[in-house]
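**Student:** pasted the sequence and its predicted model underneath.
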Amino acid sequence: MSKLCERTLYFDIDGVKLWKDDEVKPALTGEILHRELDRKRFTRLECVSGHSGQLFLNSLQRPGKFDLDIVKTKLADLLEPAFPDRDGFIKRLVP
């Protein structure tokens, strides 16, 4: 897909999760959110949450090579009920 056709959804984890119980909002679970993102033609997901920034900073402090895939995987773990298609989520994710 060309850069001109890309659509990015900027999201905050607090908007997806209920931190009181640390659960994903029921209205966003399963394939509901995924189908809506496809319907609206979002090709990229960018997490603007402080959680994403913290995961990024934590990974920079590890000795050796920084691995962005680790950050993406940890975000996928946090949001798995909202994005059950893990590989699709990671592919779209721009942390």
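**Tutor:** Arrived safely, thanks for sending.
**Student:** use CA for all of it now, contacts and neighbours both
**Tutor:** Noted.
**Student:** where in the chain is pLDDT low?
**Tutor:** Low-confidence segments of the chain (pLDDT under 70): 1-4, 18-20, 51-66, 95.
**Student:** hey, where'd the helices end up in it?
**Tutor:** 13-16, 32-39, 50-60, 68-78, 86-92 (DSSP state H).
**Student:** adding mean neighbour count and distance to residue 22, write the ones you listed out as JSON lines.
**Tutor:** Formatted as JSON lines, the helices of the chain follow (neighbours: other C-alpha atoms under 10 Å; distance: least, C-alpha to C-alpha, whole Å):
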{"stretch": "helix 13-16", "mean neighbour count": "16", "distance to residue 22": "10"}
{"stretch": "helix 32-39", "mean neighbour count": "14", "distance to residue 22": "18"}
{"stretch": "helix 50-60", "mean neighbour count": "15", "distance to residue 22": "13"}
{"stretch": "helix 68-78", "mean neighbour count": "17", "distance to residue 22": "9"}
{"stretch": "helix 86-92", "mean neighbour count": "16", "distance to residue 22": "19"}
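**Student:** got these as a markdown table, with distance to residue 24 columns?
**Tutor:** What follows is those, written out as a markdown table (distance: least, C-alpha to C-alpha, whole Å):
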| stretch | distance to residue 24 |
| --- | --- |
| helix 13-16 | 6 |
| helix 32-39 | 11 |
| helix 50-60 | 15 |
| helix 68-78 | 9 |
| helix 86-92 | 15 |
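**Student:** do I have it right that residue 45 meets residue 6?
**Tutor:** No: using C-alpha atoms under 8 Å, residue 45 is not in contact with residue 6; the gap is 10.5 Å.
**Student:** neighbour count winner among those two?
**Tutor:** Applying other C-alpha atoms under 10 Å to residue 45 and residue 6 shows that residue 45 carries more neighbours, namely 19 against 11.
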